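Undergrad: Task: produce atomic coordinates for the following.
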Amino acid sequence: MGRIFIPLAVILFCSSCVPRTLIVDHPKLVSLYFEKKIKSLESKKNLSTDQKRLLLKTKVEYGFGVLLEESDRILDNDYNLGVKKSQEAYIVFSDAKKIGTSILINTYPGFDSWLSSETDLQFKANDVGDLYWLAAAYGGAIRSSRGNPFDVVNLPVVKKMLIKAITLDPNWRKGALYSAMMSYTSSRPDLFGDAMIDSVTFYYEKALLASDSLDASLFVSYAEIIDKKFQNRTEFERKLHYVLQADGKNDKDFRLSNIIAQERAKWLLSKTDEYFFE
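TA: Here you go, the predicted model:
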């Protein structure tokens, strides 16, 4: 299963002033930050729509940016603990799916029918965020389920929401939708070989254009999704070294996600010999 909605594209905090050392050197504090924020929101009665949106976004960020990231790094050394982290993430994403669905059903009572059929709904541009975060919750559930067919069957639902969001605002958040489509495309069971490469590259190039190539996570994603899978070691290393050398302060919209991208690039490079056979 591909890395749907990898955490590198997710900005972990609302503030752009969070120091790098907090994210890199104190991962437990980052985890506590999310746990406290989620608990605070869940303790409130009768959440407003905006509060529900914040809870949805926070759960998705926590699932990808903390739990699944930990799972990835633990699996090789402690398989059981890595699986446990994935299971924790699955619970978080499942909750996020319920929240995101309730938000859209409140606006569009026929939303459930739209997801499962050809029923049309007249979405508006300000619905893009709701569609994106719900699609991310579905993607996270699929990935953290570790291939459970009851979740994998929802891949077309992810596609439907992302494609609709792209028609409404293709450059939303400077290419976030195209980045998500890269990950979705890499997980399609009907795509392989050159067809997969061409499809992922199509969205990769669109995301680069929308972000003016300032989103370092795109290079890491492509290196993992394509270069690693198709055993292109030279390009894998070139992209990751490029990310490490990039100035993460070039664009405040990507500053935090670029820090995370650089940390993942370091980790991936440390495992290069394990990934490539020659």
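
Undergrad: so what's Thr185 up against?
TA: Contact analysis of Thr185 by C-beta atoms under 8 Å, 6 or more residues apart in numbering lists 191, 196, 199-200, 203. C-beta coordinates here come from the backbone N, C-alpha and C atoms, glycine included.

Undergrad: from these, which ones fall inside helices?
TA: Per DSSP state H, helices hold the following members of the contacts of Thr185: 196, 199-200, 203.

Undergrad: Switch these over to CSV; also include distance to Ile260, neighbour count and pLDDT.
TA: Converted to CSV, these look like this (distance: C-beta to C-beta, whole Å; neighbours: other C-beta atoms under 10 Å; pLDDT from 0 to 100):
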residue, distance to Ile260, neighbour count, pLDDT
Met196, 25, 20, 96
Ser199, 25, 17, 97
Val200, 21, 24, 97
Tyr203, 20, 25, 97
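
Undergrad: May I ask which two of those residues are separated the most?
TA: Among the ones in helices among the contacts of Thr185, the pair separated by the greatest distance (C-beta to C-beta) is Met196 and Tyr203, at 11.5 Å.

Undergrad: just the ones in helices among the contacts of Thr185 now: which is nearest Leu104?
TA: Tyr203 (23.7 Å).

Undergrad: so what's that closest one up against?
TA: 178-179, 181-182, 185.

Undergrad: Out of those residues, give me the one that has the most neighbours.
TA: When neighbours are counted by other C-beta atoms under 10 Å, Met182 leads the contacts of Tyr203 with 30 neighbours.

Undergrad: thought that residue was touching Glu224?
TA: No. With contact defined as C-beta atoms under 8 Å, Met182 does not reach Glu224; the gap is 10.2 Å.

Undergrad: Okay, helices next: where are they in the stretch 51-200 of the chain?
TA: 69-74, 79-107, 111-116, 128-144, 149-152, 155-168, 176-186, 193-211 (DSSP state H, counting those that start in this stretch).

Undergrad: The last one vs helix 176-186, what angle?
TA: For helix 193-211 and helix 176-186, the angle between their directions (axes from the mean of the first three to the mean of the last three C-alpha atoms, to 10 degrees) works out to 170 degrees.

Undergrad: Sketch out the low-pLDDT regions of the chain for me.
TA: 1-27, 248-251 (pLDDT under 70).

Undergrad: please redo it, this time with the cut-off set to 80
TA: 1-29, 76, 118, 247-253, 256, 278 (pLDDT under 80).

Undergrad: ok, how many other residues are close to Arg73?
TA: 16.

Undergrad: what sits against it?
TA: Trp267.

Undergrad: ok, now Asp169?
TA: Asp169 touches 125, 128, 177, counting by C-beta under 8 Å, 6+ apart.

Undergrad: any chance of these in JSON lines, with neighbour count too?
TA: Converted to JSON lines, these look like this (neighbours: other C-beta atoms under 10 Å):
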{"residue": "Ala125", "neighbour count": "11"}
{"residue": "Val128", "neighbour count": "22"}
{"residue": "Leu177", "neighbour count": "28"}
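
Undergrad: circling back to that earlier point, specify which member of the contacts of Tyr203 is nearest to Gly140.
TA: Nearest to Gly140 among the contacts of Tyr203 is Ser179, at 14.6 Å by C-beta to C-beta.

Undergrad: was I right about that closest one contacting Val220?
TA: No. Contact criterion C-beta under 8 Å: Ser179 and Val220 do not qualify, at 10.7 Å.

Undergrad: Please tell me how far Lys39 sits from Glu69.
TA: Distance of Lys39 to Glu69, given as C-beta to C-beta, to the nearest Å: 20 Å.

Undergrad: Mind checking which of those two has more residues around it?
TA: Counted by other C-beta under 10 Å, Lys39 and Glu69 do not tie: Glu69 has more neighbours, with 22 against 9.

Undergrad: Quick check: the more buried one vs Ala165, distance?
TA: 25 Å.
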